[in-house]
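Peer 1: Predicted model, plus sequence, below.
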Amino acid sequence: MSALRRQSGPFLWGDKVQLTGPKGRMHTITLTQGAVFHTHRGMIAHEDVVDLPDGSVIESTTGDEYLALRPLLADFVMSMPRGAAIVYPKDAAMIVTFADIFPGATVVEAGVGSGALSLSLLRAIGPDGRLASFERREEFADVARGNVTSFLGAAPENWSVTVGDLVDELPTVVEPGTADRVVLDMLAPWECVEATAETLKPGGLVVCYIATVTQLSRTAEAFRASGQFTEPDSSETLVRSWHVEGLAVRPDHRMIAHTGFLMTARRLAPGAILPQLKRRASKSDFSDEDVELWTPGALGERSASAKKLRKTARQAQDAAAKAVAGADAHDSTTTTEQD
């Protein structure tokens, strides 16, 4: 396996470079020997970018200037091939922080989607941690593997992707009571309460990324009713950017509002009974039928066609192959120079 891509220093073969043109449009390329970046504003040969420092300004053949920077993880996530809806960077940041994902942690993730959250988790756990991801659909798993390899430059050795149902596959991949964190990004996280409780260490944390209010209610009640977790905490994150230019200071007209809810809870020690909290009277009488009327299970889940998923998987795998080939080319060039 090639070394993972560097995140600083001069541009080398195999690096991803984000080129920003005169009108602010961004183009991401992977530096490949013999390749040329084409645009209606001229061309830039990849070899002209190699060895330049990060943050350089490059002229195209027509004289237009392009700013060259390494793309941030958030930039890559928002532009990478998608087989499923991604976890937005704002939510990934909250998950890493509120789930207290630490270096060396053993983390379980289900499902893997397009690999956006996997990249944030891999960064947080570091090379000494372990990420075990689970995905029900092979097509989504292929897209995620391609995207992660494309961004990092190689497939991480401390990351596994298992295709199948979490409840069935988790005991075969992660020993009971050994996981530090469990991240559930799925349609029905309430179905995985027992599996989550069995794999978490006492004091370990589960975080659920949930789309709708009714799913949030059902998930919280399921974890509460199990008697194996602390009281669930729920939140959502809204991000509003601002236009700041001289004295023209105002909120932007568009913002990233609701994308999903986050619900967290801690694993109790075996046999521990959570002290009862005093609560105000609330509507707590409901049935599964009441909730199911408003869940995607009843309304019908929207999903990409098999043809589109195959195309997206090919795009992600092609990007990964270019990234690995570029990194290998750099490794061989470095070895030749040293010899």
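Peer 2: Noted; the coordinates are in hand. All figures in this text were calculated on a predicted structure; none of them were measured in a lab.
Peer 1: count of neighbours near Lys311?
Peer 2: For Lys311, the tally of surrounding residues (other C-beta atoms under 10 Å) stands at 14. C-beta coordinates here come from the backbone N, C-alpha and C atoms, glycine included.
Peer 1: typed the wrong thing, it's Ala141
Peer 2: Per other C-beta under 10 Å, the neighbour tally for Ala141 reads 23.
Peer 1: ok, it touching Asn147?
Peer 2: No - assessed by C-beta atoms under 8 Å, Ala141 is found out of contact with Asn147, at 10.9 Å.
Peer 1: Alpha carbons only: can I get the host helix or strand of Ala220 in CSV?
Peer 2: Taking DSSP states H and E as the definition, one finds Ala220 inside helix 213-226. Extracted as CSV, the C-alpha positions of helix 213-226 are listed here (Å, rounded to 0.1, in the frame of the first residue of the first chain):
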residue,chain,number,x,y,z
VAL,A,213,-38.7,14.2,13.7
THR,A,214,-40.7,11.0,14.0
GLN,A,215,-37.6,8.9,13.5
LEU,A,216,-35.8,10.9,16.2
SER,A,217,-38.7,10.3,18.6
ARG,A,218,-38.8,6.6,17.9
THR,A,219,-35.0,6.2,18.2
ALA,A,220,-34.9,8.1,21.5
GLU,A,221,-37.7,6.1,23.0
ALA,A,222,-36.1,2.8,21.9
PHE,A,223,-32.8,3.7,23.6
ARG,A,224,-34.6,5.0,26.6
ALA,A,225,-36.7,1.8,26.9
SER,A,226,-33.7,-0.5,26.7
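Peer 1: Quick check: Ala306 vs Ser114, distance?
Peer 2: To Ser114, Ala306 is 16 Å away according to C-beta to C-beta, to the nearest Å.
Peer 1: gap between Lys23 and Ala45?
Peer 2: Distance, Lys23 to Ala45, using C-beta to C-beta: 22 Å.
Peer 1: how about the helices in the protein?
Peer 2: Secondary structure of the chain (DSSP state H): helices at 73-79, 89-98, 116-125, 138-152, 166-173, 193-199, 213-226, 288-292, 296-299, 306-338.
Peer 1: Nearest residue to Pro71 in space, please, no chain neighbours.
Peer 2: Nearest residue to Pro71 in three dimensions, chain neighbours excluded: Gln18, at 4.1 Å (C-beta to C-beta, 6 or more residues apart in numbering).
Peer 1: That neighbour bridge partners, please.
Peer 2: Legend: beta-bridge partners of Gln18 under DSSP bridges are Thr28, Leu69.
Peer 1: With Cys208 instead?
Peer 2: Leu184, Met263.
Peer 1: What about it, how many residues nearby?
Peer 2: Cys208 has 28 neighbours, counted by other C-beta under 10 Å.
Peer 1: separation between it and Val167?
Peer 2: Per C-beta to C-beta, Cys208 is found 15 Å from Val167.
Peer 1: the bottom helix or strand of this structure by mean pLDDT?
Peer 2: Least confident element among the helices and strands of the chain, by mean pLDDT, DSSP states H and E: helix 296-299 (a mean of 56).
Peer 1: Distance from stretch 23-40 to the middle of the chain?
Peer 2: With C-alpha atoms, centre = their mean, to the nearest Å as the basis, stretch 23-40 stands 25 Å off its chain's centre.
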